[in-house]
Every structure is written in C-alpha cells, then in structure tokens.
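1. Show me the folded form of this:
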Amino acid sequence: MSVTFKTFRKVVKRVIEGRHPVLVRGRHGIGKSEVIKQIAKDHELTPVERRASQMTEGDLMGLPLLDGDSTSWNPPDWYKDCCENARLLFLDEVDRGSPEVCQGLFELCDSRKLNGHKLHPDTLIFAAINGGKHGQQYQVRTMDPAENDRYTIFDLDPSVDDWLEWANLPKLPGSSATNIHPIIWNFINQNHGHLEHKDNFEPNEVYPSRRSWKRFSDTCERGGLIEAGKTNDEVYVLASAYLGLEAASAFQAYVASYKYRISADDLLAGKIKPAQIKKLSINEHNSLIDELSVHKALKRKMTQGELDALGEYFVRIPAEVARRIVEVYAIPGNYLDNSTEFCKVNTSKGKVTDRLVSIVTGAVFNDDGDEL
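-> Take a look at the predicted model:
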C-alpha cells in the first residue's frame, strides 16, 4: 500500500510516539529526504544524516580504546551526538550499504544502542531506500525479512497535489518567492504527466523528477531566464539536461505561448477587475482555483479583505466553476471557519449566500454574472 506525503506525515506521528524506527521506500527524486527533514523541523529536532552507501563498519561502530586490561569503543562523533542530544537520525540509501554495515544497524534499530552506547530517549530513527516494489529498477540490495522487521515501513507515492502545495510555499519565511518558479508551477498544474516519469527507465535517457524540476527552477531563477511569451534556447538546453527532451519541448512551447495570468495572490489582494474576470476562460478559472486550493491563506483565518475579494470574484464567474470555490474550503488541512465567514460576505452584486442558492437551484446567469 502506497501513501501520499500528506497521509504519511499524519500517521507517522503514531510511530514516532513509540520511538520505533521508520523506513520510507520510493522512487528517486520524489522528495523522501525533504519530507523527513520537514518532520525533523516539525518536532524541532536537528537532523543528523548519514548515507549507508558511504559507510564502512568503522564509520558505524567507531574505534576501539584500550582501557587498562580491556577494550572499549569510542563512538563516531555523529552517533555520540545522537546519544547525548535529541536528534533525528536519518540513515539514507540503506539498501545500497554493505551487508556488514546494514547488519550493524540491526542492534541500533531494535535496541536503540550500539556497543553499549544508547541513543537519547527522544532521538528518532528514520531510513530511506529506493527499493521495495520499485527495487528491480535500481542497483540495490534486497533487504531480508529480519532486516525489514526492524522498521515500520511506508511506501511513499506522493500525489501531484503534494508537490503543487509544496512548490507554492515561500522559499524562506516571509518571502514572496516560492519554492518553484510560477510559470513552472502553472505548467505542471496543467500538465501533470510531465512532473515525473513513472514507467520503466530506458538506459542513458534523461527523465524528469520532482527533484530535477526544483533544480531546473532554481537555475533559471538565478539567471532570470524564464520570460512569458518568449523562447530561450538556453532554457531549452537546460531543460533537456535536467528534464529530458520530451519535457523540455513541452515546456518551451508552453512558455512561448504563455500570457500573464492572474494569480491567487492577485485574487485575494483584490487586484482583479470585473472586466478581467469576464475575459477569463473556463480553463483559466479552473487553473486559478487550483492555485487557490493550495494557497497558504486558506490554511489560516482569512482576513475580511481576502474574503471580500474572493466574494467579488465568486459572484462573477460561471456556476460550474463557482461550485469549486465552496469545495476548496473542505479540503483537509484548510481552515474550516473560513467557509462560514465567506458565506456572510456582501458583494457589490449581492450576498454570497444568495448566489449559492441560485447555483444550487439551477439558475441561469449572463456573462456579467447576473441572474436571468
């Protein structure tokens, strides 16, 4: 059974309460490391990352120390840190590590200690691999039943909405810049199939992944390379290198025909004029509402100005997309009281509740949003 990031972050809290080791499995580039680091942030823990693929037994066990007529062990600095302080210990690429290292992890995962050195009571253990049901596509080691039994295992298959929500978040607290360039966000929002490759991989071919889109976005933003309505050979070459020819060709065509679109930020700031709303196509309305559905404003109590601006938009759009505005409030994680406050809004064209009743009863509206 595969789970999305949203479901994983919700249920893994129960595992963490018992201090049980967690193993996440999934394709490369989907964000396994990022979601684990986000969990560390949620719990105010410093992540300590080690890659099993780069370790030898000495890197795990430490070095012997002669103490009188007996030998003791000095743990590695990273492990000592996890014993003395509450940390999130992240063991990556466990199925690419040597059998000796991975068998050495047995004691750590079932007894929370190595060579007598016990982890801090609040240190969490997370591990990640590419194996599991996708293992045949990777040069990885098969984990035997005893090794699997040391972990609570989650197969991660994040949804496109997981990525779109993350991509629309600020890069830094208080920053207006988002994790992904807005034009790239819109491209993926309208072309889900280009986010990542899920079929079999041909040798030596370049394919898109969530990780490669992030790197491509950062590279283009540093150089200010993406301009709406313009083709750029440099962008195409970079896209081919990061994402492969198919995604690069589709993105180049998209950018060339891209025109400025109203954003959810514009909508909630009241910057959209009635004349602009009237010109929007059904697809453009749907794209705007898709962006609104993952907007940070809906996850907190909205200001009266935001509610009023959304109300003015709501009473002017076609009934088939207006229904989606109401559905947006019911998305898990969104602040439910916003729905009640939205229904109280009085707009320049009447009450939001009156418009809702008209939609439900099948009323017909003209291009200006007035009931006929």
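
2. Kindly export stretch 323-342 (C-alpha atoms) in CSV.
-> The C-alpha trace of stretch 323-342 is given here as CSV (Å, rounded to 0.1, in the frame of the first residue of the first chain):
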residue,chain,number,x,y,z
ARG,A,323,-19.0,25.4,-7.1
ARG,A,324,-15.3,24.6,-6.8
ILE,A,325,-14.8,27.7,-4.6
VAL,A,326,-17.0,26.1,-2.0
GLU,A,327,-15.3,22.7,-2.3
VAL,A,328,-11.9,24.3,-1.8
TYR,A,329,-12.8,25.2,1.8
ALA,A,330,-13.5,21.5,2.6
ILE,A,331,-10.0,20.3,1.5
PRO,A,332,-8.3,18.6,4.5
GLY,A,333,-5.9,21.0,6.2
ASN,A,334,-7.8,24.2,5.2
TYR,A,335,-9.3,26.4,7.9
LEU,A,336,-12.9,25.3,8.0
ASP,A,337,-14.3,28.5,9.7
ASN,A,338,-13.4,30.4,6.5
SER,A,339,-16.3,28.8,4.8
THR,A,340,-18.8,30.2,7.3
GLU,A,341,-17.3,33.7,7.1
PHE,A,342,-17.2,33.5,3.3
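
3. Counting neighbours, which bits of that stretch end up buried?
-> For stretch 323-342, the neighbour count (16 or more other Cβ atoms under 10 Å) marks 324, 325, 326, 328, 329, 334, 338, 339, 341, 342 as buried. (Glycine included, C-beta is placed from N, CA and C.)

4. Over to stretch 149-159?
-> For stretch 149-159, the neighbour count (16+ other Cβ under 10 Å) marks 150, 151, 153, 154, 156, 157, 158 as buried.

5. ok now stretch 95-104, how far from the chain's centre?
-> Remark: stretch 95-104 is offset 29 Å from the chain centroid, using Cα atoms, centre = their mean, to the nearest Å.

6. got it, and stretch 56-67?
-> On the basis of Cα atoms, centre = their mean, stretch 56-67 sits 38 Å off its chain's mean C-alpha point.

7. Renumber starting at 14 from here on
-> Let's use 14 as the start, then, which means that last one is stretch 69-80.

8. Now do the end-to-end distance for that stretch.
-> One end of stretch 69-80 sits 24 Å from the other (Cα to Cα, to the nearest Å).

9. Run through who's touching that stretch.
-> Residues from elsewhere that reach stretch 69-80 (Cβ atoms under 8 Å, 6 or more residues apart in numbering): 63, 84-89, 92, 111, 113-114, 117-118, 127-128.

10. Now residue 222, what are its backbone angles?
-> With angles defined as degrees, to the nearest 10, residue 222 sits at phi -140, psi 170.

11. what's near enough to touch it?
-> When contacts are counted by Cβ under 8 Å, 6+ apart, residue 222 touches 40, 41, 42, 43, 209, 210.

12. again, only using 7 Å
-> Shown in contact with residue 222 (Cβ atoms under 7 Å, 6 or more residues apart in numbering): 41, 42, 209.

13. mind giving me a markdown table with the buried residues of stretch 336-355 and columns for pLDDT?
-> As requested, those are arranged in a markdown table below (pLDDT from 0 to 100):
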| residue | pLDDT |
| --- | --- |
| 337 | 87 |
| 338 | 85 |
| 339 | 81 |
| 341 | 82 |
| 342 | 76 |
| 347 | 80 |
| 351 | 87 |
| 352 | 87 |
| 354 | 90 |
| 355 | 90 |
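
14. what's the most distant pair in those residues?
-> The distance between the two most remote of those (Cβ to Cβ) is 18.3 Å, for 337 and 354.

15. tell me which element residue 267 is part of?
-> Secondary structure assignment for residue 267, by DSSP states H and E: helix 258-269.

16. For that helix, name the packing helices and strands.
-> Applying 3 or more Cβ pairs under 7 Å, 6 or more residues apart in numbering; DSSP states H and E, one finds that helix 258-269 contacts helix 195-203, helix 246-256.

17. Residue 207 reaches residue 261, doesn't it?
-> No - with contact defined as Cβ atoms under 7 Å, residue 207 does not count as touching residue 261 (9.8 Å).

18. average pLDDT across stretch 137-153?
-> Mean pLDDT, computed over stretch 137-153, is 84.

19. Mind splitting this structure into its structural domains?
-> Listed domain ranges for the chain are 15-171, 174-269, 277-373 (source: automatic domain parsing).

20. Now intersect the contacts of stretch 69-80 with the strands, please.
-> Taking DSSP state E as the definition of strands, those contribute 63, 84, 85, 86, 87, 127.

21. quick one: which of the residues you listed is nearest residue 189?
-> The nearest member of the ones in strands among the contacts of stretch 69-80 to residue 189, counting by Cβ to Cβ, is residue 63 at 35.8 Å.

22. For the closest one, give me the pLDDT.
-> pLDDT, residue 63: 95.

23. do the same with residue 384
-> On the pLDDT scale, residue 384 is placed at 59.

24. Does residue 306 touch residue 342 like I think?
-> No - using Cβ under 7 Å, residue 306 is not in contact with residue 342, being 9.4 Å away.
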